[in-house]
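**Q** return a 3D structure for these sequence lines:
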Amino acid sequence: MRKRLIACIFLKNGMIVRSEDFKKHQVIGNPINQVKRFSDWAVDEIIYLDISKTRNYDNRRDDHMVKISSNKLDLLSEISKNIFSPFSFGGGVRTVEDIQNILQRGADKVVLNSGIYLDNTLLPNAVEIFGSQALVACVDYKDDYVYFNHGEIKSQYIVEDWCSLLERNGIGEILLNDILRDGKGCGYDLDTIKKIVDQLSVPVIALSGAGDYYDFNECFKKADPSAVAAGNIFHFKEHSYYYAKKSLEMEGVDIRKEYGVF
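**A** So this is what the prediction gives:
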């Protein structure tokens with residue numbers, strides 16, 4: 001299969017934020033405004049990660065007087081009306097009903113994280129009901145250990161063991177997210193990504209560390225994930241997704257060739 005370049009959007013209280021160290025969150029826009037932009041670019045895929053610590057959002061308007069949805073599911077419904085690329089959605093998923101609600105509102109896949117740590121029956125039950133293809137596990141890690149609850153709880157699992165457990169329980173994809181590289185633009189954690197890619201048979205998505213287009217190419221060439229994801233670079237550089245895809249094509253990466261307009 002051809003490699004994918006994925007745009008990752010972090011949401012907090014209904015707004016897009018720039019994340020750094022899992023602690024600093026700068027509001028940079030309204031997700032509804034961003035939907036058409038990414039659709040016009042014909043992005044391979046979009047991952048929305050809701051990092052809000054509350055289920056209800058502030059009922060206010062942004063700087064462009066666009067009303068923010070009052071909760072996550074309302075926002076998801078608005079996104080799905082305006083998006084034409086495959087997309088995954090995660091954040092605060094704790095039950096099978098949560099997964100069902102997200103899929104019913106238009107998401108192609110659901111991203112799981114702390115919920116499958118807190119309840120070891122959630123993933124097997126979800127696989128049986130929805131199938132592996134609808135489920136992605138986000139693995140937040142630091143110094144070889146997996147963390148949960150917005151990076152606040154250090155678990156007993158090292159990355160390799162947790163990813164193996166996820167695969168055995170039927171996960172469809174794994175999103176590797178290095179906490180120490182979040183928002184830093186210092187390049188991907190190639191060693192860990194390569195280790196997990198070689199270990200697993202399920203697709204691996206690399207996240208955290210993209211600072212320029214070279215980082216995408218280096219990650220594909222040296223670690224060989226199924227996909228590379230990034231957030232900030234697509235928000236702050238004009239036409240960045242288009243130029244990133246062209247750069248990968250010129251470097252010989254077997255990436256999808258479809259391009260949007262700008």
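**Q** what are the boundaries of the strands in the stretch 101-250 of the chain?
**A** Per DSSP state E, counting those that start in this stretch, the stretch 101-250 of the chain carries strands over the ranges 109-112, 135-142, 145-148, 153-158, 173-178, 204-207, 227-230.
**Q** got a list of contacts for the longest one?
**A** Just to be clear, that refers to strand 135-142. The contact list for strand 135-142 (C-beta atoms under 8 Å, 6 or more residues apart in numbering) reads 22, 47, 49, 88, 90, 99, 109-113, 116, 123, 126-127, 146-148, 151, 154, 159, 162-163, 166, 170-180, 192, 205. Quick note: C-beta positions are derived from backbone N, CA and C, even for glycine.
**Q** same question for stretch 14-28, mean pLDDT?
**A** On average, the pLDDT along stretch 14-28 is 75.
**Q** that one: how far from the chain's middle?
**A** A distance of 14 Å separates the centroid of the chain from that of stretch 14-28, by C-alpha atoms, centre = their mean, to the nearest Å.
**Q** now the buried members of the contacts of strand 135-142.
**A** 22, 47, 49, 88, 90, 99, 109-113, 116, 123, 126-127, 146-148, 151, 159, 162-163, 166, 171-179, 192, 205 (16 or more other C-beta atoms under 10 Å).
**Q** point out where the stretch 101-250 of the chain drops to low pLDDT.
**A** Across the stretch 101-250 of the chain, the ranges flagged by pLDDT under 70 are 236-238.
**Q** rerun at 80
**A** Low-confidence segments of the stretch 101-250 of the chain (pLDDT under 80): 183, 235-239.
**Q** for it, which segments count as helices?
**A** 114-118, 122-130, 159-168, 190-199, 213-223, 232-236, 240-250 (DSSP state H, counting those that start in this stretch).
**Q** check which helices and strands the third one sits against.
**A** It stands for helix 159-168. strand 135-142, strand 145-148, strand 173-178, helix 190-199 (3 or more C-beta pairs under 8 Å, 6 or more residues apart in numbering; DSSP states H and E).
**Q** turn the ones you listed into JSON lines, columns for distance to residue 82.
**A** Compiled in JSON lines, these are given as follows (distance: least, C-beta to C-beta, whole Å):
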{"stretch": "strand 135-142", "distance to residue 82": "22"}
{"stretch": "strand 145-148", "distance to residue 82": "32"}
{"stretch": "strand 173-178", "distance to residue 82": "23"}
{"stretch": "helix 190-199", "distance to residue 82": "32"}
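**Q** so which of the ones you listed is nearest residue 8?
**A** Among the helices and strands packed on helix 159-168, strand 173-178 comes nearest to residue 8, with 8.6 Å by C-beta to C-beta.
**Q** what angle sits between that closest one and helix 190-199?
**A** 160 degrees (axes from the mean of the first three to the mean of the last three C-alpha atoms, to 10 degrees).
**Q** so what does strand 173-178 touch, helix or strand wise?
**A** By 3+ C-beta pairs under 8 Å, 6+ apart, strand 173-178 packs against strand 135-142, helix 159-168, helix 190-199, strand 204-207.
**Q** could you redo the last one with a cut-off of 6 Å?
**A** strand 135-142, strand 204-207 (3 or more C-beta pairs under 6 Å, 6 or more residues apart in numbering; DSSP states H and E).
**Q** of all these, which one is nearest residue 34?
**A** Among the helices and strands packed on strand 173-178, strand 204-207 sits nearest to residue 34 (C-beta to C-beta), with 17.8 Å.
**Q** related to what we said a few turns ago, and the helices of the stretch 101-250 of the chain as TSV, adding distance to residue 31?
**A** As requested, those are arranged in TSV below (distance: least, C-beta to C-beta, whole Å):
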stretch	distance to residue 31
helix 114-118	22
helix 122-130	24
helix 159-168	28
helix 190-199	27
helix 213-223	23
helix 232-236	11
helix 240-250	16
